[in-house]
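*Asks:* structure for this input, please:
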Amino acid sequence: MISLSEIKKEDMEYIYMWFSDSEFLKYYDYYPPLPLTKIEVDKMFDYYKDSGKSKVFAVRKDCTIIGVAGFDDIIKENQVATLFIGLGNENERGKGYGREAMRILLEYGFNNLNFHRIQLNVLEFNYGAIALYEKCGFKKEGIYREFVLRDGKRHNLLLYGLLKDEWIMNKEKIFRA
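*Replies:* Presented below is the predicted three-dimensional model:
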C-alpha cells in the first residue's frame, strides 16, 4: 500500500542517496544529472518547506520511503502547480506505485489545495512516466524542442496539463482497481 506523508529526518539518508545518483537524476529533472551533496539537497528541501510555493511528500510503501512526490511552482492566485514524482528505490519502479502516488497527489491537489490546473514536465525519453501521465488523463500541451542535453544528445522536454474538470470527469475510469 502506498501513502504520502511528511518527510522525516530519518528519510533524508535515502533522499541523499537518490539525489547523488546520476541515473535517478537523469529522469527526475531537466537540470543536468549531476550528483548533489547533502548540503545542496538540504538547501533544496529547506526551500520546498519554507517557500510557500511547494508541497513535498515522502512516498511510502508500508512505512518505508521509496520516493518523493509533490507540487512545486505553486501559484495560489492562479490555482496552478507543477507536479513531480520520483521513485528513488529502483526495485520499486514498474509496480504501479507511481500510479497510486499520482492518484493520491491529484486527489489532494484538486480537493484540498483547490488547484484548477496541475501541470508537469517530462523528458521525451522517459517512456514509463509519459505512459503513466497519459493514462491519468494528462494532455500533451507543448514541447520545448531540444531543451535538454543528455549524454551528448539533444532531447525535447514535453509539457503536460490536467484541468480539474477533466480529472473529475475521468477519475473513476482512470483509477479503477
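*Asks:* contacts and neighbour counts: CA atoms only from here.
*Replies:* Fine.
*Asks:* ok, Y16 touching K43?
*Replies:* No: contact status for Y16 versus K43: not in contact, 11.8 Å apart, counting by CA atoms under 8 Å.
*Asks:* between the two, which one's more packed in?
*Replies:* The neighbour comparison of Y16 against K43 (other CA atoms under 10 Å) goes to Y16, with 18 against 12.
*Asks:* and that one, what element?
*Replies:* Here Y16, judged by DSSP states H and E, is contained in helix 12-19.
*Asks:* buried residues, the next helix or strand after that helix. List them.
*Replies:* From helix 12-19 onward toward the C-terminus, using DSSP H and E, the following helix or strand is helix 22-28. Using 16 or more other CA atoms under 10 Å as the test for burial, helix 22-28 gives 24-28.
*Asks:* and the contacts of helix 22-28?
*Replies:* The list of residues contacting helix 22-28 from outside it, by CA atoms under 8 Å, 6 or more residues apart in numbering, reads 18-19, 32-35, 85-86, 88, 123, 126, 150.
*Asks:* and if we set it to 10 Å?
*Replies:* Contacts to helix 22-28, defined as CA atoms under 10 Å, 6 or more residues apart in numbering, come from residues 17-19, 31-36, 84-90, 121-126, 129, 150-151.
*Asks:* drop anything exposed from those residues.
*Replies:* 17-19, 33, 35-36, 84-88, 121-124, 129.
*Asks:* OK, contacts around the residue most central in space within the chain?
*Replies:* Centroid-nearest residue in the chain, with CA atoms, centre = their mean: F84, separated by 1.5 Å. Counting by CA under 10 Å, 6+ apart, F84 makes contact with 28-29, 56, 68-72, 102, 105, 119-122.
*Asks:* tell me which of these fall in strands.
*Replies:* 56, 68-72, 119-122 (DSSP state E).
*Asks:* any chance of CSV for those residues, columns distance to D11?
*Replies:* Shown next, in CSV, are the ones in strands among the contacts of F84 (distance: CA to CA, whole Å):
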residue, distance to D11
V56, 13
V68, 10
A69, 13
G70, 16
F71, 19
D72, 20
Q119, 27
L120, 25
N121, 25
V122, 25
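*Asks:* top of these by number of neighbours, please.
*Replies:* G70 (24 neighbours).
*Asks:* right, I'll leave it there.
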